[in-house]
Structure formats: structure tokens, C-alpha cells
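> I would like to see how this sequence folds:
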Amino acid sequence: MRIISGIQPTNVVTLGNYLGAMRNFVLMQDEFKDADIIVFIADLHSITVPQERQQLKKNIKTLAALYIAVGLDPSRCHIFIQSEVPSHAELSFVLECQSYIGEMERMIQFKEKSKKEGASVTTGLLTYPCLMAADILLYDSNLVPVGEDQTQHVELTRDLAERFNAKYGNTFTVPEAYISKQGARIMSLQDPEKKMSKSDPNPKGYITLLDDINEVKNKIRRAITDSLGIVKYDEVNQKGLSNLMTIYSLLSGLSLKDIEKKYEGLGYKEFKEDLANIVGDELKKIQSKYNEIINSKELDEVLDEGREYATKLATKKIDKVYKKIGLGRH
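Next up is the predicted model:
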């Protein structure tokens, strides 16, 4: 079995990114002990919108170091940078030629961003689901860990794989989406109607993995809750508190019911103070490992090994695809 996933290096990684995706990569190492796990930095995806060159380079390196800092074990998985394996872009164009404009225009993220940006929306944003499909199909991936908002892209990948296989013969493994029970959609600390994001104009709404620990704790203490004063999970009437309880549950291992019992008769102050310490302790561990590896020789060695491993698999697959279509001299 092979599992593949990646994250864009467009911004500093938030607590939401960690709990919704990165932490699940780590948990998969134990859940699927015999699986071949591939995790990449999706830097080609990031350029569908304008990026500042030096900042992008810094973000790529930071994300690579954070993969290891949060617990990915290079002896149990392969980590590489997407743009260092040219087959991703090559297969993406092949899949563009197998897909339809209508399919691309129906993708939720394109629909949302094109409404905001109008005629200035890039062609890359329209076709990037084909690049995402290439990321998956190049490696005959069986499982693709995604959030619920990304399942549409895996469905498109399945459609493209089946379409290509029907036209040219068995070529691609048809993957399945894998939504971890441990994952969660973490919302803004100041507006629980919105997903936690580094692009939030209110810096109190998000926490990044590299934030100052005291600042992190203060953001938790000042997080929006409600006037009810009862620690109870209620996504309708207590959205802010429920968001904090989700974070608490994921980091502590306690169920939501256990948390309710623990704080029965107590107010939000005690709950928030404990959560602030839980989040702070988690980030201390991550930051310690990050600082150890960010400028180390080990990081380059990990990325070199990942690139070589991915290139070997991807080159074999793209050669097969070209032969099936009839490209090249041989």
C-alpha cells in the first residue's frame, strides 16, 4: 500500500494546518506500519497565485523542517519537494488533455476564487486539480489523506485515472480518499465562522507553529467564547468554545465528553488556562526539534533521499504514460 499527501508552502503553518493535516501524517506512520508513505512540499501548487520569490524559498525550507519537527520519521517515510521531480508537471499536462473545462470550472476552490478575482484569475488555478491528480497517480497511490473539503479533488483524480485506463489500458491505480477520524477543521480563535488561516487580518485569530509561546497562550486566553459559562460542546450555540474543545481533545487525547466532565462546575478561565498550557507544551516540543534541524545537513539529506526515491518512481510512470499515448521515438 502506498499513501501520499502534501501541503503548500504558501504561509507559515498554523495550528489548524497541524491538527487538520500534518499531525495525521504522523499518526498514519503507526496506523499503517507497512505502508509506503510519501509526503511532499507542494511548491508548484503555490504559484497559482503570486508569490514573493525569497519568501517562497524560505517557506519551502520551513515546511520541510516542520514535517520532521512534528514527528514524521525519515526512516519510515519519504519527504521531497514537488518541483524537484519534473514528472509532476509533465503528467499534469497529459491529464489536462484528458479532462474537460466543465470539470475544472466545477471545482469548489476555483469557483470561490474566480468570484473574488474575476478575469484576473489564473489558468493555473483552473487546471491545478490536474496537477493534484498527477501528484497522486504518478506513484500508484492507494490512499490520499484529505480534509472533507478536498474529497472533490480525489473524486476528479479517480475519474481521470479511470478515463485514461479505459482509453489506453491499465496504467494508473485508482485511489481512495482517506479522511482521518483524528482530523478536524480548526476555526479562527476570533471568528469561529471562519477557518483558521494566516491570511486572517486579525492576528489574534490564528496560531502558527513558530509563534512565541507566551503569545500563543495569550491568544488562547483571549479566544472568543460566549456568555453561557458552561464547558459544553455545542457547535450551534457555543461555536467558539466548541472549537477550543476540539483543539483540547486532539492534543490531550481526552474525548469531548471527558472534557465536559472535567470542567463541570468550572468556568472558561480554568478551561482556557489549561488549554493554553497544553498548546504551549505541544509547540515547545515542535519548536525545539525545528530549531535543531532547520539549518542542518540532515534536512538536505532527507530531501535528497526523498527526491531520488520519488524521481525513480515518477520517471518510470511517466515513461509508461508516454508510451501508452504514443509520444516519443520508442
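> residue ranges for the strands of this protein, please.
With DSSP state E, the ranges of strands along the chain come out as 2-7, 36-41, 77-81, 143-145, 176-178.
> so for residue 238, which of the ones you listed sits nearest?
The closest of those to residue 238 is strand 143-145. By CB to CB, the value is 29.1 Å. From N, CA and C alone the C-beta is placed, and that goes for glycine too.
> can you pull out the residues in contact with the closest one?
For strand 143-145, the external contacting residues (CB atoms under 8 Å, 6 or more residues apart in numbering) are 1-5, 21, 24-25, 28, 32, 35, 136, 154, 157, 175-180.
> select only the buried ones of those residues in PyMOL?
For the buried members of those, the matching PyMOL selection, counting by 16 or more other CB atoms under 10 Å, is:
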select buried, resi 2+3+4+5+21+24+25+28+32+35+136+154+157+175+177+178+180
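> mean pLDDT and distance to residue 315 for the strands of the chain - can I get that in TSV?
Formatted as TSV, those follow (pLDDT from 0 to 100; distance: least, CB to CB, whole Å):
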stretch	mean pLDDT	distance to residue 315
strand 2-7	93	16
strand 36-41	96	15
strand 77-81	97	13
strand 143-145	90	21
strand 176-178	89	25
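> pop the domain breakdown of the chain in here.
Domain ranges of the chain: 2-184+295-325, 203-291, per automatic domain parsing.
> reformat these as JSON lines; add distance to residue 196.
Putting the domains of the chain into JSON lines (distance: least, CB to CB, whole Å) gives the following:
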{"stretch": "domain 2-184+295-325", "distance to residue 196": "3"}
{"stretch": "domain 203-291", "distance to residue 196": "5"}
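> mind checking which of these is nearest residue 190?
Nearest to residue 190 among the domains of the chain is domain 203-291; the distance by CB to CB comes to 4.0 Å.
> correct me, but residue 165 touches residue 173?
No: the criterion here is CB atoms under 8 Å, and residue 165 misses it with residue 173 at 9.5 Å.
> touching, residue 267 and residue 229? I think so.
Yes: in this structure, residue 267 is within contact of residue 229 by CB under 8 Å, at 5.4 Å.
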